[in-house]
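Visitor: give me a model of this one.
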Amino acid sequence: MNIRQTGGVAQQSQYARTQSIGGVALPNFSGNEHLTKSKPAMSEERYREAIVEQAKKDFAAGKFQYGSEEFKSLEKSFTSVVSPDRKGIITNGLKAIYKNAKPAPDPVNLLELLLGDGSVKYSKSGKDLTYAEFYDSEGNMVATYSQGQWQSFDTPAENARKVEMASIYNKAWGDEKRAANKPPAESPAAGSFDVIA
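Guide: Numbers count the residues shown, from 1 in each chain. Presented below is the predicted three-dimensional model:
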């Protein structure tokens, strides 16, 4: 199951076919649901041009934002530049959880482990991980794990980047819509002339 909120605040996935640590499958970072830090694929100016081009293509195809796979892919590339290293935080967190042999005293209480790139709060029932929260070094909760499902949460920097992209895209898409709805300019018919009295 994959769930994505259109606001881009939380993405959830279950049964990701990925590597696992301690029997817990990692989120699928190659899809569009869970972002992790990446290098820019292009310059900021080229990103802006690509966003405008995508808006024009989507308008022509009758698509808008998340109705377009290309939009989602471009948003991932544009936003992941400011994303935390979710993959590293989650991987290091799970390794630390399973390295820590302390049994959780009560499933309601969360144990906290500090990592070099963040922290993880978790509870286990026996050896099974029942719940975990993963935080970046800024204290932002970036992911949770519960009942076999992963949910990612956008950081303020990711939210700002998505708003920036939506603003550029929406303006370009709106410009295309206005141009398509604009009546053609009237031109004088051949051989016509104005009569002046």
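Visitor: C-alpha only now, for contacts and for neighbours.
Guide: Will do.
Visitor: mean confidence score for the longest helix seen in the chain?
Guide: Identified as the longest helix of the chain according to DSSP state H is helix 156-181. Average pLDDT, helix 156-181: 95.
Visitor: return the distance of it from the chain's centre.
Guide: 16 Å (CA atoms, centre = their mean, to the nearest Å).
Visitor: same question, stretch 131-140
Guide: 17 Å.
Visitor: buried stuff in it?
Guide: 131-136, 140 (16 or more other CA atoms under 10 Å).
Visitor: next, format those as JSON lines and append pLDDT.
Guide: Formatted as JSON lines, the buried residues of stretch 131-140 follow (pLDDT from 0 to 100):
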{"residue": "131", "pLDDT": "91"}
{"residue": "132", "pLDDT": "92"}
{"residue": "133", "pLDDT": "94"}
{"residue": "134", "pLDDT": "94"}
{"residue": "135", "pLDDT": "95"}
{"residue": "136", "pLDDT": "94"}
{"residue": "140", "pLDDT": "95"}
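Visitor: what sits against the nearest residue to residue 76 once chain neighbours are set aside?
Guide: Of all residues not flanking residue 76 in the chain, residue 32 sits nearest, at 6.1 Å (CA to CA, 6 or more residues apart in numbering). Residues in contact with residue 32 (CA atoms under 8 Å, 6 or more residues apart in numbering) are 72-73, 76.
Visitor: which residues touch residue 21?
Guide: Residue 21 neighbours (CA under 8 Å, 6+ apart): 91, 94-95.
Visitor: 7 Å - rerun?
Guide: Counting by CA atoms under 7 Å, 6 or more residues apart in numbering, residue 21 touches 94-95.
Visitor: can you give me the strands for this structure?
Guide: Secondary structure of the chain by DSSP state E: the strands cover 2-4, 10-14, 20-21, 24-25, 111-115, 118-125, 128-136, 141-146, 149-153.
Visitor: out of those strands, nearest to residue 179?
Guide: With CA to CA as the measure, strand 2-4 is the member of those nearest residue 179 (31.6 Å).
Visitor: and residue 31, how many neighbours?
Guide: 12 (other CA atoms under 10 Å).
Visitor: next up, phi/psi of it, please.
Guide: Here is the backbone geometry of residue 31 (degrees, to the nearest 10): phi -80, psi -170.
Visitor: and it, how far is that from residue 22?
Guide: 22 Å (CA to CA, to the nearest Å).
Visitor: repeat that for residue 33.
Guide: Taken as CA to CA, the span from residue 33 to residue 22 is 22 Å.
Visitor: for these two, indicate the residue with more neighbours.
Guide: Using other CA under 10 Å as the criterion, residue 33 and residue 22 rank with residue 33 on top: 22 against 13.
Visitor: burial count for residue 178?
Guide: For residue 178, the neighbour count with other CA under 10 Å is 11.
Visitor: nearest residue to residue 88 in space, please, no chain neighbours.
Guide: Using CA to CA, 6+ apart, the nearest residue to residue 88 is residue 117, at 7.9 Å.
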